[in-house]
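J.: Structure for this input, please:
(one chain, ligands or ions: 2)
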Amino acid sequence: MSDKHNHDDASHDDDHSQDDGHNHAHDDVFNRLLGGRAEIIFAALCGLCLLIGWLGPKLNLIPAQAGFVFLLAAYFFGGYYALREALGKIFKGQFQIDFLMLVAASGAAFLGEWAEGAFLLFLFAIGHALENYAMARARNAVAALADLTPDEALVRRGGKTETVLIEDLVIGDIVIVRSNERLPADGFVIKGTSAVNQAPITGESAPVDKMPVKDSAIALENPEVVSASGRVFAGSINGSGSLEIQVTKLAGETTLARVMTMVAEAQTRQSPTQSFTKKFEKIFVPCVIVLAVLTSLSFLVLDEDPATSFYRAMAVLVAASPCALAIATPSAILSGVARAARGGVLIKGGAPLEALGSLDAIAFDKTGTLTIGEPHLVDIVPYGDTSETELLEISGAVEALSDHPLAQAVVKDVKTRLGDNPREASDFANIIGQGVSAMVGGELVHIGKTALFDKGAGTPLPDDLRARVDGLSANGRTTIIVRAGTRYLGAIGLMDTPRDTATPVIADLRALGLKRMMMISGDNQNVANAVAKEVGLDIAFGDLMPEDKVTKIAELKAQGGVAMVGDGVNDAPAMANATVGIAMGAAGSDVALETADIALMADDLETLPFAVGLSRQTSRIIRQNLWASLGIVAFLIPATLFGLGIGPAVLIHEGSTLIVVFNALRLLGYKDRRV
Ligand SMILES: Nc1ncnc2c1ncn2[C@@H]1O[C@H](COP(=O)(O)OP(=O)(O)OP(=O)(O)O)[C@@H](O)[C@H]1O
Ligand SMILES: [Zn+2]
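T.: Numbers count the residues shown, from 1 in each chain. Ligands and ions are numbered 1, 2, ... in the order given. Next up, the predicted model:
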């Protein structure tokens, strides 16, 4: 890895821009010669020179002068990268904590303790090399996702089949995928059926059955509306069938490619804890310097020589460098975000990750989120002398002009019951959150919930029809009422089925410690209650207009924070107002991918407990790391003041830094405990 990352970069530069401070390679002569491993090789050489220079003269193997030359070499190898980095920072007007270490090493040399100084630099160099290696591992955990896509694809162009590089695929190309091969591109199926394993992209545990889309011309024009059974993603693994796929995204723009870019961005975004530790360091570091200066003057009051005081001051400097504190949070966030991405969850940085880890309230949208979002007609109740056919025809004609899930359900079921609809509607209007209106056969037709007929003008809802509607709602039916002119034609009861995953997911979330789980819905309160009860939610807020949803979420946010889970269909404003907005189905929707704080790639709730569990684990690890790093500093400062030497101080210092980093790296192996 030529990729060098210094823990101090991540958090010590006072006014660093995210990308500059975060991740830069040491692109120097040595790294070029040593294949990017110069740092670790230098650390090893430093140790070797130290060993020869220190033991050689002691065992009379080499003369003392030669030993000294080896110690100087150890200084060079151990201090080269630290000095380079520190000087680079100082020229930019930034301060680097590890500069304190260099001062301490020079101090040791100044006192004639060359071996001790070299030992300090050795521990320092090896510690940092390991740390950089670990951080690179976390960062590259996501880059490994790129290996999921094959380099080449088998394409059919103009009757010929040829193999091309995936970079050379163009939109509209037809790609042939044989059984058990990895998919080379995003697109939709035009031929063949197969069960495709999408776990690397969406985290879905079970393979998804794929089949050709009905109309490939429409699908190519509007890839976002292709159903889950038709759409495929680069990087997923074909099952036993073979497929022909039409390409809809260029190689650099596939879902996988975009997730990788977004993860890289997210990993550099600062979390509240990071900002806090930075502020803390701003106060702490000057205090350390003052303390060290005072310690170096202690010979003025204590009965000791100035060299001893100076040595002790150096030890204090090392002891108090809060390196572990600086790396504690960024390393955990890096690993957490990387692990999430590999499980089909895109977390946009440390802030949402930490927020989700500490929330205990979560709100769900109903339609399309907790339910499948495909309601069916279950009750048809004509009123007065209206026939069932007339009720259905008029409703079908009006709803044909609406794109609401309820409308689509009505249109579809009317078509299966009656065939082609002889009636047609015009002058359609949407009455947001309540219903719709349109002209059919010269009459103004209104369709919608009770509130539409209570608040609006026009003939009021007759009591006997209201009683029927209330009865249906009480049974958990979403009920819509139809009125043409002054005549009430009747009511239609629809039912949407909860997702199979809803109940187990909510049980898992409860087991993870979420206390308040609720639903917010525009649907009737009774219906909301029925669904909430079925899936195991604590409470349902129904009859909410779109702006009421926003108000409700803002209210919950003020009461200690809330995560809002939605499918992105008319719940985006509520998600934007939540502490953390979680969108599902992001693999198929660019808008959801871009706007959510956390995006579940699968069009399902399945990966939500994983996201919450991982966030909680990340928060726990950050807390452990903060306590450990502060604890070590709190121990080392008095210990060095009372005589602990530089060697042991550096050992403990670097040891604690590494422990913190490796503790964070545990997140990469976080187990998703779903069954
Ligand atoms: N096209 C329509 N035809 C009939 N009724 C409608 C239509 N659009 C909305 N309504 C009525 O307005 C209510 C609220 O609609 P809204 O779109 O705000 O919520 P929703 O998306 O259905 O539910 P949820 O908030 O649970 O996702 C619906 O339950 C329905 O009664
Ligand atoms: Zn350090």
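
J.: Give the residue spans of the stretch 401-550 of the chain that score low on pLDDT.
T.: Across the stretch 401-550 of the chain, not a single residue meets the criterion (pLDDT under 70).

J.: quick one, domains of this protein?
T.: 7-143+263-335+618-669, 150-253, 345-371+498-606, 376-495 (automatic domain parsing).

J.: Deepest-packed of those domains, please.
T.: Mean neighbours per residue, mean count of other C-beta atoms under 10 Å, is largest over the domains of the chain for domain 345-371+498-606, with a mean of 21. Every C-beta, even on glycine, is put in place using the N, C-alpha and C of the backbone.

J.: Quick one: end-to-end distance for that domain.
T.: Separation of the first and last residues of domain 345-371+498-606 by C-alpha to C-alpha, to the nearest Å is 11 Å.

J.: Make TSV out of the domains of the chain and add distance to Val612.
T.: Output for the domains of the chain, formatted as TSV (distance: least, C-beta to C-beta, whole Å):
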stretch	distance to Val612
domain 7-143+263-335+618-669	11
domain 150-253	13
domain 345-371+498-606	5
domain 376-495	27
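
J.: which stretch in those domains has the least confidence?
T.: For the domains of the chain, the weakest mean pLDDT is recorded on domain 7-143+263-335+618-669, namely a mean of 82.

J.: can you tell me the residue of the stretch 51-200 of the chain closest to ligand 1?
T.: At 25.4 Å from ligand 1, Gln198 is the closest residue in the stretch 51-200 of the chain, using C-beta to the nearest ligand atom.

J.: In contact with that residue, which residues?
T.: By C-beta atoms under 8 Å, 6 or more residues apart in numbering, the contact list for Gln198 reads Glu204, Pro207, Val208, Phe233, Ser236, Ala587, Ala602.

J.: Out of those, which two sit at the greatest distance?
T.: Pro207 and Ala587 (15.0 Å; C-beta to C-beta).

J.: so Leu353 makes contact with Leu334?
T.: No: assessed by C-beta atoms under 8 Å, Leu353 is found out of contact with Leu334, at 10.4 Å.

J.: Where does the stretch 501-650 of the chain get nearest to ligand 1, residue-wise?
T.: For the stretch 501-650 of the chain, C-beta to the nearest ligand atom, closest residue to ligand 1: Gly522, 2.5 Å.

J.: so does stretch 372-384 get close to ligand 1?
T.: No: using C-beta under 6 Å from any ligand atom, stretch 372-384 stays clear of ligand 1, with a minimum separation of 8.3 Å.

J.: Which stretches in the stretch 451-600 of the chain count as helices?
T.: 463-474, 502-512, 525-535, 546-558, 572-577, 590-595 (DSSP state H, counting those that start in this stretch).

J.: before we move on, what about the stretch 251-400 of the chain?
T.: 255-267, 272-296, 306-320, 323-342, 350-358, 388-399.

J.: Mind putting the contacts of Gln198 into TSV with secondary structure and distance to ligand 1?
T.: What follows is the contacts of Gln198, written out as TSV (DSSP: H, G, I helix; E, B strand; the rest coil; distance: C-beta to the nearest ligand atom, whole Å):
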residue	secondary structure	distance to ligand 1
Glu204	coil	23
Pro207	coil	29
Val208	strand	24
Phe233	coil	26
Ser236	coil	29
Ala587	coil	21
Ala602	coil	19
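
J.: tell me which of those is nearest to Arg620?
T.: Using C-beta to C-beta, the contacts of Gln198 come closest to Arg620 at Ala602, 25.5 Å.

J.: Need the nearest residue in space to that closest one, chain neighbours excluded.
T.: Leaving out its chain neighbours, the residue that sits closest to Ala602 by C-beta to C-beta, 6 or more residues apart in numbering is Thr202, at 3.8 Å.

J.: Is it correct that the one you found is in contact with Ala599?
T.: No: counting by C-beta under 8 Å, Thr202 stays clear of Ala599, with 10.4 Å between them.

J.: hang on, the earlier thing: how close does the residue of the stretch 501-650 of the chain closest to ligand 1 sit to Glu253?
T.: 34 Å (C-beta to C-beta, to the nearest Å).

J.: repeat for Arg32
T.: For Arg32, the distance to Glu253 (C-beta to C-beta) stands at 33 Å.

J.: tell me the angle the helix ranked longest in the chain makes with helix 502-512.
T.: Criterion DSSP state H: the longest helix present in the chain is helix 608-641. In terms of direction (axes from the mean of the first three to the mean of the last three C-alpha atoms, to 10 degrees), helix 608-641 departs from helix 502-512 by 20 degrees.

J.: Next secondary structure element downstream of helix 608-641?
T.: helix 646-665 (DSSP states H and E).

J.: Out of the helices of the stretch 251-400 of the chain, which gets nearest to Gly613?
T.: Between Gly613 and these, the tightest spacing by C-beta to C-beta is seen for helix 350-358, at 9.4 Å.

J.: Residues of the protein that sit close to ligand 1?
T.: Counting by C-beta under 6 Å from any ligand atom, the chain sits next to ligand 1 at 365-367, 399, 402, 404, 406-407, 433-436, 447-449, 478, 480, 521-523, 546, 570.

J.: and the helix or strand encompassing Glu244, which strands flank it?
T.: Glu244 belongs to strand 243-247 when assigned by DSSP H and E. Note on strand 243-247: by DSSP bridges, its sheet partners are strand 174-177 (antiparallel), strand 187-191 (antiparallel).

J.: Just put the ones you listed in TSV and tack on distance to Leu145.
T.: TSV is the format used below for the strands paired with strand 243-247 (distance: least, C-beta to C-beta, whole Å):
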stretch	distance to Leu145
strand 174-177	19
strand 187-191	19
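
J.: Now do the contacts for the residue lying closest to Leu593 once chain neighbours are set aside.
T.: Distances taken as C-beta to C-beta, 6+ apart place Ala586 nearest to Leu593, at 4.4 Å, with adjacent residues excluded. Residues near Ala586 by C-beta under 8 Å, 6+ apart: Leu346, Ala592, Leu593, Ala596, Ala599, Leu600, Met601.
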